[in-house]
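>>> Sequence first, then the predicted structure, then my questions.
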Amino acid sequence: MSRINAVKEFIIENFLFGEEEQLKLETDFFDKGIIDSTGVIELVSFLEETFNISVDDDELIPENLSSLKNIDLFLQKKLNQKVA
Amino acid sequence: MCGIAGIVNLGHLQPITPDALMRMVSVQQHRGPDETGAYIDDHIGLAHARLSIIDLKDGTQPIHNEDKSLWIIYNGEVFNYPELRQELIQHGHKFYTTSDTEVILHLYEEKGIDCLNELNGQYAFAIWNSKNKTLFLARDRVGILPLFYTIQNQRLYFASEIKAIFSNEEIHRALDLESLDQIFTFWTTLPGKTVFSNIKELPPAHYMLISPNGITTKKYWDMNFLNSKEINNRKSNDFVSEISETLMDAVRIRLRADVPVGTYLSGGLDSSALTETVKKNFNNELRSFGIRFENKNYDEGSFQSEMVDYLGVNHSEIMISNDDIGTNLEDVLWHTEKPLLRTGPIPLYLLSKLVNQSGYKVVLTGEGADEIFGGYDIFKEAKIRNFWAKDPDSKLRPLLLARLYPYIFKDNRLNKTLIAFFKSGIENPDDPFFSHNIRWKNTGKIKNFFSEKVKDSNRNYDSYSELMKLLPAEYFNWDTVTKAQFLESMIFLSNYLLSSQGDRVAMAHSLELRVPYLDHRVIELLGYVNSEIKINGLNEKYILKQVFKDRLPASILNRWKNPYRAPIHKAILNSTMSLVKEYCSEESLKKSGLFETTKVVKLINKLDKSDVASEFDEMALVGIISTQIIYKIFIEDFQYNFAESDTFDQFYDFRSLN
């Protein structure tokens, strides 16, 4: 769970400026307007640097990035691939 | 153009003093540096600061009628005044000046409030009837010129600028927290409101009567669009010719002045079309003025140069740096009297200075063409999303957004994620704010920076409901694009484009703007045109392009439209960080009590560390800093300079105890 906590902290710090309340595990960043177009690039750079992964073009889809829950599943998949 | 001010006693027994009137015109002397005048009696004081443009010699105000029972102070221009004057002379009216001011007065004498239906122009004026003790205040149809008022201490105070009202010490100064909610949703206040408590604006196309029987405010003109059954589907050459002729006449009468008239030329379609019209038809010696940016992402220099060469105009331009923006932000806010979510007004403030230094008092500008002819991206965005809403699973329909916003969709890898962003609300195309919800929701997130005090105060306040109350009944029958057009025209046009980015930053340097695209005859003609014709496919301002198809280079007619923007991030967070230090320190944030310090610090740290900034972060930055500056210069530490002269050039004193 520490993995997703790091992502959560990043989003609270950079997109919500400390406002934790509105961010739940399944909150949709795009629907709620938490992250906009420039924000997606910031988020992907953060994920790549922090978890030492490389996000492929065809992985940049809302299904992977639209909520904390989706990001967690996505990271799990990516990190498993790395181990394998 | 000019500055006007007045005080009416509504039961207050203390006499109105010439000093109060002098303060009120002095503080807005930039609006009228040439002359001052005043009228005072036991009930009312009227004062005027004049920028002489028509009848330089005899137009000193206040102006009276034949028997001196009616008195007018007036800021503006009525462009059809020679024709109206002729008619009035035929009806026996006697004129002692050749000014347009006197024409309004006699027209009022002749027709009462119906005089407003005959005026073609931009104006805010006050007419005092000393016989029946009634004051008539009126503002032009589109709200090109400002008029603010407040009722306090059993008095009504009014003026062209709020600082004139504030120059009376008895006026209470505070920020209106509901207005802040509106600004941080719609980018400006809704018609009628200002950012200050109890200070109101007379909305566009409204008049107000203040008589011993009470105060009434009424609307006299609607910027309405006919419903879908009545709209005009004509695309014919006849119709294009009719628009073309009306536009030509709108320009012709706006060149009426006893001083030379220039144009603003940006290189966009609207200003290019306007400059072509003047240069080719009316003034071969035309001077034009334009803005350039050092930062290439904002610069339109190549299009501007192309038009200068094509028309052979005598063009002057000003080069704007990031530092220019930061350095002038406080001065600009003194004039806009309202927080800003963008920095576009600052280059225009500096441009009006250049024009003033070039010896010009009047320019024609292209404002309003986007609203009236259908030019904004948000109209096309609404059209695409409406089309997408009919087949929400379509993979192809949303890709039209990438064509509309190439600068957002510049990284193909992110297309799918960006599309998810624009999909918000797609399931409800009948939502009255379908076109603007994404923009407003995104802007509204800035409200998260508000302090608990502001949030608590606004907990039961909803800007959307306020807006709903202002919509005409027909609105709900209009198509998506027409609704969007109406929202832009009602909210953004007068209260931002023509004020913060128009009159206020022009008059800061005693420059009058005239806006031919907002001639009410043009607005009324276009009001009947089907939105499918205004935006033909995704080709915006189709009718305007038809009018100019043989008169402008194809590269200007067919160019991609860039929204006018100015730098924010690096302009405000410059090497000295002086704006941040002064207005976003813990101490100053605590003093205003408007924003939560920890969040503001996080935002500034984030932006300071990065080279790029999102649109949201930039809006939040300039929104917060400009609100802090407004608080400092108008609430906490309101200071203004008196004019050097302390007597009026023209003073009519009818006080009984004189």
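Great, that's in hand. Residues are numbered from 1 along each chain as shown, chains lettered A, B, ... in the order given.
>>> Grab the most central residue of chain A for me.
Centroid-nearest residue in chain A: A:Ile71, 4.7 Å away (criterion: C-alpha atoms, centre = their mean).
>>> Quick one: classify that one as helix, strand or coil.
Here A:Ile71 is helix, with the state taken from DSSP: H, G, I helix; E, B strand; the rest coil.
>>> For chain A, which residue gets nearest to chain B?
Going by C-beta to the nearest C-beta, chain B is nearest to A:Thr38 of chain A, at 3.5 Å. Placement of C-beta: from N, CA and C, glycine included.
>>> Low-confidence ranges, the chain, go.
Reading this off chain A. A:1, A:84 (pLDDT under 70).
>>> meant chain B, my bad for not saying
B:1, B:227-235, B:642-645, B:657-658.
>>> Flag every buried residue along the longest helix along it.
Assignment by DSSP state H gives helix B:237-254 as the longest helix of chain B. For helix B:237-254, a neighbour-count test (16 or more other C-beta atoms under 10 Å in any protein chain shown) marks B:Phe239, B:Val240, B:Ile243, B:Ser244, B:Thr246, B:Leu247, B:Asp249, B:Ala250, B:Val251, B:Ile253, B:Arg254 as buried.
>>> I'd like the next helix or strand past it.
Scanning forward in sequence from helix B:237-254 by DSSP states H and E, the next helix or strand is strand B:261-264.
>>> So what are the sheet partners of that following strand and their directions?
With DSSP bridges as the test, strand B:261-264 is paired with strand B:287-293 (parallel), strand B:362-364 (parallel).
>>> and among those strands, the most buried is which?
Most buried of those by mean neighbour count (mean count of other C-beta atoms under 10 Å in any protein chain shown) is strand B:362-364; its value is a mean of 24.
>>> Tell me the first helix or strand C-terminal of that one.
Counting by DSSP H and E, the next helix or strand C-terminal to strand B:362-364 is helix B:369-373.
>>> so what secondary structure elements neighbour that following helix?
helix B:269-281, helix B:520-527, helix B:542-547 (3 or more C-beta pairs under 8 Å, 6 or more residues apart in numbering or on different chains; DSSP states H and E).
>>> ok, residue 65 - contacts?
I went with chain A, as the question did not name one. For A:Leu65, the contacting residues are A:Phe29, A:Val40, A:Leu43, A:Val44, A:Ile71, A:Phe74, B:Thr417, by C-beta atoms under 8 Å, 6 or more residues apart in numbering or on different chains.
>>> that's the other chain; I wanted chain B
B:Leu105, B:His106, B:Glu109.
>>> next one: B:Gly121
B:Gly121 is in contact with B:Gly76, B:Glu77, B:Val78, B:Phe79, B:Asn80, B:Asp100, B:Asp140, counting by C-beta under 8 Å, 6+ apart.
>>> now A:Ser67: how far from B:Ile633?
A:Ser67 sits 43 Å away from B:Ile633, taking C-beta to C-beta, to the nearest Å as the criterion.
>>> and those two? which has more neighbours close in?
Ranked by neighbour count (other C-beta atoms under 10 Å in any protein chain shown), A:Ser67 and B:Ile633 place A:Ser67 first, with 22 against 18.
>>> Which residues of chain A lie near chain B?
When proximity is defined as C-beta under 8 Å from any C-beta of the partner chain, chain A approaches chain B at A:13-14, A:16-19, A:30-31, A:33-34, A:36-42, A:57, A:60-62, A:65-66.
>>> What segments of the stretch 401-550 of chain B are helices?
Using DSSP state H, counting those that start in this stretch, the helices of the stretch 401-550 of chain B run over B:415-423, B:437-444, B:452-457, B:463-469, B:480-487, B:504-507, B:520-527, B:531-534, B:542-547.
>>> Need the winner for burial among the ones you listed.
With neighbours taken as mean count of other C-beta under 10 Å, those reach their highest mean count in helix B:504-507, at a mean of 26.
>>> what does it rub up against?
Under C-beta under 8 Å, 6+ apart, the answer for helix B:504-507 is B:1, B:3, B:30-31, B:146, B:161, B:332, B:335-337, B:345-346, B:348-349, B:352, B:363, B:512-513.
>>> Name the nearest residue to the residue of the stretch 301-450 of chain B found nearest chain A, sequence neighbours excluded.
As assessed by C-beta to the nearest C-beta, chain A sits closest to B:Ala420 within the stretch 301-450 of chain B, at 4.0 Å. Using C-beta to C-beta, 6 or more residues apart in numbering or on different chains and skipping residues adjacent in sequence, the residue nearest B:Ala420 is A:Pro62, 4.0 Å away.
>>> so who does the residue of the stretch 551-658 of chain B found nearest chain A touch?
Per C-beta to the nearest C-beta, B:Ser614 is where the stretch 551-658 of chain B lies closest to chain A, at 3.5 Å. Applying C-beta under 8 Å, 6+ apart, we find B:Ser614 in contact with A:Asp36, A:Ser37, A:Thr38, A:Gly39, A:Glu42.
>>> From the residues you listed, which land in strands?
Of the contacts of B:Ser614, none are assigned to strands by DSSP state E.
>>> Mark which of the residues of chain A next to chain B are buried, thanks.
Buried among those (16+ other C-beta under 10 Å): A:14, A:16-17, A:19, A:30-31, A:33-34, A:36-42, A:60-62, A:65-66.
>>> measure B:Phe486 to B:Leu190 for me?
Here the criterion is C-beta to C-beta. By it, B:Phe486 lies 13 Å from B:Leu190.
>>> quick one: contacts for the spatially closest residue to B:Gly425 that is not a sequence neighbour?
When the adjacent residues along the chain are set aside, B:Gly425 lies closest to B:Asn437, with 5.0 Å between them (C-beta to C-beta, 6+ apart). B:Asn437 is in contact with B:Ser424, B:Gly425, B:Asp431, counting by C-beta under 8 Å, 6+ apart.
>>> isn't the first one right up against A:Gly33?
Yes. Applying C-beta atoms under 8 Å, one finds B:Ser424 in contact with A:Gly33, separated by 7.1 Å.
>>> hey, what's in contact with both of the two?
By the contact definition C-beta under 8 Å, 6+ apart, B:Ser424 and A:Gly33 are jointly contacted by B:Ile438, B:Lys441.
>>> Could you report the distance from the closest residue to B:Val547 other than its chain neighbours to B:Val522?
Leaving aside its chain neighbours, B:Val547 sits nearest to B:Ser244 (4.5 Å; criterion: C-beta to C-beta, 6+ apart). Distance, B:Ser244 to B:Val522, by C-beta to C-beta: 11 Å.
>>> Report the separation between the residue most central in space within chain B and B:Asn129.
Most central in chain B under C-alpha atoms, centre = their mean is B:Leu498, positioned 1.9 Å from the mean C-alpha point. Taking C-beta to C-beta as the measure, B:Leu498 falls 30 Å from B:Asn129.
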